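Visitor: I'd like to go over a predicted model; first the sequence, then the structure.
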Protein chains: 2
Amino acid sequence: MILDRVNLPEDLRNLSIDEMIKLAGEMREIIIKKVNATGGHFGPNLGIVEASIALHYVFDCPKDKFVFDVSHQCYPHKILTGRKEGFLNPEKYHKYTGYTAPEEGEWDLFKVGHTSTSVSLAAGVAKARDLKGENYNVIALIGDGSLSGGEAFEGLNNASVPGTNIIVVVNDNDQSIAENHGGLYANLKELRENDGNCKNNFFEALGFEYYFVKEGNNIKDLIETFQKVKDINHPVVVHICTQKGKGWKDAEINKEAFHWILPHTLDENKTETKISESYASVTNEFILSKAKDDKTLIAVNAGTPGVFGWDSEFRRKLGNQYTDVGIAEEHACAYSSALAKNGAKPIWAVMSSFIQRTYDQLSQDMALNNSPLTILVYWGGISGADATHLCTFDIPLLKNIPNLVYLAPANKEEYLTMLKYSVEQKEHPVAIRVPNTELVSTGIEDLTDYSVLNKYKVVESGEEIAILGAGNFYGLAEDLTQKIKSKYGFNPTLINPRFLTGVDNELMDGLKEKHKLVITLEDGLLDGGFGEMISRFYGSSDIKVLNYGSKKEFTDRTPLNELLTRYRLKSDLILEDIERIF
Amino acid sequence: MILDRVNLPEDLRNLSIDEMIKLAGEMREIIIKKVNATGGHFGPNLGIVEASIALHYVFDCPKDKFVFDVSHQCYPHKILTGRKEGFLNPEKYHKYTGYTAPEEGEWDLFKVGHTSTSVSLAAGVAKARDLKGENYNVIALIGDGSLSGGEAFEGLNNASVPGTNIIVVVNDNDQSIAENHGGLYANLKELRENDGNCKNNFFEALGFEYYFVKEGNNIKDLIETFQKVKDINHPVVVHICTQKGKGWKDAEINKEAFHWILPHTLDENKTETKISESYASVTNEFILSKAKDDKTLIAVNAGTPGVFGWDSEFRRKLGNQYTDVGIAEEHACAYSSALAKNGAKPIWAVMSSFIQRTYDQLSQDMALNNSPLTILVYWGGISGADATHLCTFDIPLLKNIPNLVYLAPANKEEYLTMLKYSVEQKEHPVAIRVPNTELVSTGIEDLTDYSVLNKYKVVESGEEIAILGAGNFYGLAEDLTQKIKSKYGFNPTLINPRFLTGVDNELMDGLKEKHKLVITLEDGLLDGGFGEMISRFYGSSDIKVLNYGSKKEFTDRTPLNELLTRYRLKSDLILEDIERIF
């Protein structure tokens, strides 16, 4: 194998072009095998193999600095920078993360996982170089899908200002996400189809010199162009057209499905897993049925329809009642707010981790205007995710914005009643934290009127201890209730708060009479969250409060069970704490 | 006066062009008089008088929908839509806000004050129109300065997608803010200087049809062009070149100084107010002196240098150690993070209200990477500001992000020591909440080592009650301490916490022995803030806690004193609360 002779970028310079082509095939093979075993980003890495080889052949990393956008396309880079064992040896498959990670070595500058950041970061790296009087290339590698994010534009618009070396490689794999290719994507398409020529070149309009590589999987062409821009003294864009998923037929055709895959997706004998009812399926059934009768209902998302099960069938059925704005969360928020303000009924679905991009839009464009839109926050909760994709911050982010109502349903029936309420009401922005648990059904329709805000539900009325189990953790609260009963012989009070954004003053005041301790359970960050609000409420009373949730930290692929133990989010551990103070 | 005959937009249609020109002069006169009396946005409103007349002459507002960006240029619009008394009658000068305000009438769609939102909002308004099968024009009015914001780009990139009526009026007054005109501003300049022609038209690149009006203060030209695009069935940009500050000589020349003015700025007999030492002046002295010795120190801001006193002299002295990225807060954050990561020493200054635009950049680009940059947060605190510019949310926003250190100095000496620490350290991102008070000086150098995190300062050690007065409210804590002494005869403990991002566990634990009550004072939102963290800490102990700060609400020009009473942020009111529970 050629790969045996390649451990570091410098080893590439001993290879002929033909050998590098062979190397690309070998790298592709181990990436396919590894990702099929562990799951991970598939299409993006297969598409960028040749470009990674060419970049490392021409530039001198780590002296020259690479900044990856999203960094979900960094596997070939990792293979070429001392980490190939993570792809060759099944026992080391989990040794390296799926994103760039400075702790793995000097070849990775930033820990990155959200989109559209590379040009801004590269601009900062380049400016520091200039201030220090140093001399090297700074290269941002950004995919076409990431270009639609506002941060990428702010970066491009500023990167050209100092007029010194910065090289932006635009990896165009024709994978713009919006169904209707407008805006910038039409411009990229025109460039792609006309050998890099078009009437109004977006990148030139922003002040970049522009280079075009039609065959972005051709190592020779790539090397030639990268050599032209190496050590250049001004900002350039190199637009390379690559084939996403290259080397795996299905991935080349169905780019969306093979962007990220689950383990064993490629196995021939893979049995189809039966799709059972889930919070996503319940949501989508609701949307489709409602949209048929109400032509002002519209489903909105920012480039991640797969997360919500919004497949091609769903989109086809909704027609013009569906908008994918591409990666542009700020726009998704403001656009949805304005839709609601002008009488339509938007449902904006968004992942907990990505709603972080819209704090100011949530506050100013939406909450300040009290726009009555519906936000569905997916995946919120503690998990073993990468540090770049944690979903534990959405409660502090949303709950402290005035006017906004943030609901946490504990079962399907509550969720559906909340959805119906939210879509029809005209009072407030309403966010619903879609449970990240398996579907829980009570079988009994929820008749609650959620327009009466901050009214918690007392499920069991008891004494001594009151347990508030919010959303995903309502089940834990039920379990804890049972264990307290067995252990102490009295019935604690079990409460499903449902509302994360306010205190049920009357209920909480009433608890003072027969209770000594209130316990809050929330599936997210404690700091700035639901529990602290309850602690403040009881601050000047005799009631004691214990808050449970996650600590303020970036965990990185830490197994969920380990985290639950660390945060004492288990009935037995909570019982120990009760014992200590009760 | 022509204005006597104009109350509503329809009245314009009875006027000749000459009469409208006369009207523009009259409007300009009352705007100058009013703004000089009350303070407010000056240049932007003087520049847009003719365009406002022409828009209202051609379009049929409120059936046609106007969306203003920032909306600091809406005074002429207000005059033409039933609100002229707010500019004619000094007794009504404060009746209407300085921004669009739906509560004032159907002509204003959104409450807006942050930049770069209009195109996204207009796109949502237009889509709702299309879903409802309605038929009217949707017009976004955006200034050139706002175009650099990512949200504006996301909006532009998506607004062209549905292919129906949307009209983006770009008000170009050559007031791009970055000193070095790169990126988009070079494109606008080329268009401006070549009658709307250039090689790569930015707006056409994004799919808009493009119109150009060279004389953007010529009512006739404006009307002709607006008539061409009225009822158009696809997205268009109308690029109009206006003169900012038109009609007031000094404002035409010094656009930056006259963008927003204080009351009586134009008075002839105005005596120069002596500029005394302030937290801003102390900051700038530090930066200039440090920058001389250390060429890697760099001051960064996003389009609001005036807020920090970063005048032309300051910028000249810093040279390439100064960057104004224009309105692009996300870029400012990521760029500064990367500067720090690559060995430079960035100091990024930002207003509390505008740091809201960067939550995800603070979290992902910066804190996750532990980039050791310095952030100076200005104006944080409760105030009588407009709802769009409240500065009460920065503590909850920043303090709940892992790795980030948020410091609140109580006097000049602490502030300077924190600055020195922050700039030199290599461990964490450090934000400092620059006090919004008059300069307080102890006269004694602060020798604290702030690298020891979350160590609060006990100023007076006492008993029974401990008072934690953070930053701006340290003075209130001192006052309260005195009053408790007089009233109760014992000495309470007075603490200056300095760190907003963590609990001093040892100290707080120690308080349990001799104290019954802990009081927290913070100049910002209680929900998700510093005090709630302290309440959680003491939740399971016998210590009682009272948290003071602002409530979760959007206040709108409510006088500060009224707010302080409402939030009980006065020593006498706090004493009443103590009386009730102590």
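Guide: Good, I have the coordinates. Residues are numbered from 1 along each chain as shown, chains lettered A, B, ... in the order given.
Visitor: tell me which parts of the stretch 1-150 of chain A are close to chain B?
Guide: For the stretch 1-150 of chain A, the residues in contact with chain B (CB under 8 Å from any CB of the partner chain) are A:65, A:67, A:102, A:109-114, A:117, A:120-125, A:127-133, A:148-150. (Each C-beta comes from the backbone N, C-alpha and C, glycine too.)
Visitor: just the closest residue of chain A to chain B, please.
Guide: Going by CB to the nearest CB, chain B is nearest to A:Gly150 of chain A, at 2.0 Å.
Visitor: per-residue confidence at the nearest residue to that residue once chain neighbours are set aside?
Guide: Using CB to CB, 6 or more residues apart in numbering or on different chains and skipping the chain neighbours, the partner closest in space to A:Gly150 is B:Gly150 (2.0 Å). Per-residue pLDDT puts B:Gly150 at 96.
Visitor: now the helix or strand that contains A:Asp577: buried residues?
Guide: Assigned by DSSP states H and E, A:Asp577 belongs to helix A:571-581. Buried residues in helix A:571-581, counted by 16 or more other CB atoms under 10 Å in any protein chain shown: A:Ser571, A:Ile574, A:Leu575, A:Ile578.
Visitor: just stretch A:377-389 next, same as before
Guide: By neighbour count with 16+ other CB under 10 Å, stretch A:377-389 contains the buried residues A:Val377, A:Tyr378, A:Trp379, A:Gly380, A:Gly381, A:Ile382, A:Ser383, A:Ala385, A:Asp386, A:Ala387, A:Thr388, A:His389.
Visitor: ditto for stretch A:23-33
Guide: A:Leu23, A:Ala24, A:Glu26, A:Met27, A:Arg28, A:Ile30, A:Ile31, A:Ile32.
Visitor: equivalent analysis for stretch A:289-298, please.
Guide: Those would be A:Lys290, A:Ala291, A:Thr296, A:Leu297, A:Ile298, for stretch A:289-298 by 16+ other CB under 10 Å.
Visitor: what about that stretch, start to end distance?
Guide: 12 Å (CA to CA, to the nearest Å).
Visitor: and it, anywhere near chain B?
Guide: Yes: Stretch A:289-298 lies within reach of chain B by CB under 8 Å from any CB, at A:Lys295, A:Thr296, A:Ile298.
Visitor: just to check, A:Ala128 is in contact with B:Lys345?
Guide: No: here A:Ala128 lies out of contact with B:Lys345, judged by CB atoms under 8 Å, at a distance of 9.2 Å.
Visitor: between those two, what contacts are shared?
Guide: Common neighbours of A:Ala128 and B:Lys345 (criterion: CB atoms under 8 Å, 6 or more residues apart in numbering or on different chains): B:Thr296, B:Leu339.
Visitor: how about the contacts made by the residue nearest to A:Gly150?
Guide: Contacts of B:Gly150 by CB under 8 Å, 6+ apart are A:Gly149, A:Gly150, A:Glu151, A:Ala152, A:Phe153, A:Glu154, A:Glu330, B:Ser116, B:Ala328, B:Glu330, B:His331.
Visitor: so which strand or helix has the last one?
Guide: It stands for B:His331. Using DSSP H and E, B:His331 falls in helix B:329-341.
Visitor: for the fifth one, same thing?
Guide: Element membership for A:Phe153, per DSSP H and E: helix A:150-159.
Visitor: roughly how far does A:Gln243 sit from A:Val237?
Guide: 20 Å (CB to CB, to the nearest Å).
Visitor: neighbour count: these two, which is higher?
Guide: Shown here are A:Gln243 and A:Val237; by other CB atoms under 10 Å in any protein chain shown, A:Val237 has more neighbours (27 against 18).
Visitor: can you pull the contacts of the more buried one?
Guide: Contacts were defined as CB under 8 Å, 6+ apart; by that measure A:Val237 touches A:Val168, A:Val169, A:Val170, A:Phe203, A:Phe208, A:Glu209, A:Tyr210, A:Tyr211.
Visitor: list the residues that contact A:Thr97.
Guide: The contact partners of A:Thr97, by CB under 8 Å, 6+ apart, come to A:Glu104, A:Asp386, A:Asp556, A:Arg557.
Visitor: could you redo the last one with a cut-off of 10 Å?
Guide: A:40, A:71, A:74, A:78, A:86, A:103-104, A:108, A:111, A:113, A:386-388, A:556-557 (CB atoms under 10 Å, 6 or more residues apart in numbering or on different chains).
Visitor: of these, closest to A:Glu224?
Guide: Checking the contacts of A:Thr97 against A:Glu224 by CB to CB gives A:Cys74 as the nearest, at 23.8 Å.
Visitor: go ahead and confirm the closest one touches A:Ala101.
Guide: Yes: assessed by CB atoms under 10 Å, A:Cys74 is found in contact with A:Ala101 at 8.9 Å.
Visitor: tell me, what's touching these two both at once?
Guide: Residues touching both A:Cys74 and A:Ala101 (CB under 10 Å, 6+ apart) are A:Arg83, A:Trp107, A:Asp108, A:Val112.
Visitor: return the distance of the residue lying farthest from the centre of chain A relative to B:Ala24.
Guide: Going by CA atoms, centre = their mean, the residue of chain A most distant from its centre is A:Gly489, 44.7 Å out. According to CB to CB, A:Gly489 and B:Ala24 sit 83 Å apart.
Visitor: just A:Tyr421 next, same as before
Guide: A:Tyr421 is 49 Å from B:Ala24, by CB to CB.
Visitor: same question, A:Leu80
Guide: 65 Å.
Visitor: A:Val282 too?
Guide: 58 Å.
Visitor: and for A:Glu190?
Guide: Separation of A:Glu190 from B:Ala24 (CB to CB) stands at 42 Å.
Visitor: up against chain B, what does the stretch 401-550 of chain A have?
Guide: Taking CB under 10 Å from any CB of the partner chain as the contact definition, the stretch 401-550 of chain A meets chain B at A:401-404, A:501-502, A:517-520, A:525-529, A:531-547, A:549.
Visitor: from those, list just the buried residues.
Guide: The neighbour count (16+ other CB under 10 Å) marks A:401-404, A:501-502, A:517-520, A:525-529, A:531-540, A:543-547, A:549 as buried among these.
Visitor: just the strands in the stretch 201-350 of chain A please.
Guide: For the stretch 201-350 of chain A, strands defined by DSSP state E, counting those that start in this stretch occupy the ranges A:209-213, A:235-241, A:260-261, A:297-301, A:322-324, A:345-351.
Visitor: avg pLDDT for the second one?
Guide: For strand A:235-241, the mean pLDDT works out to 98.
Visitor: that strand pairs with which strands?
Guide: Sheet pairing of strand A:235-241 (DSSP bridges) gives strand A:166-172 (parallel), strand A:209-213 (parallel).
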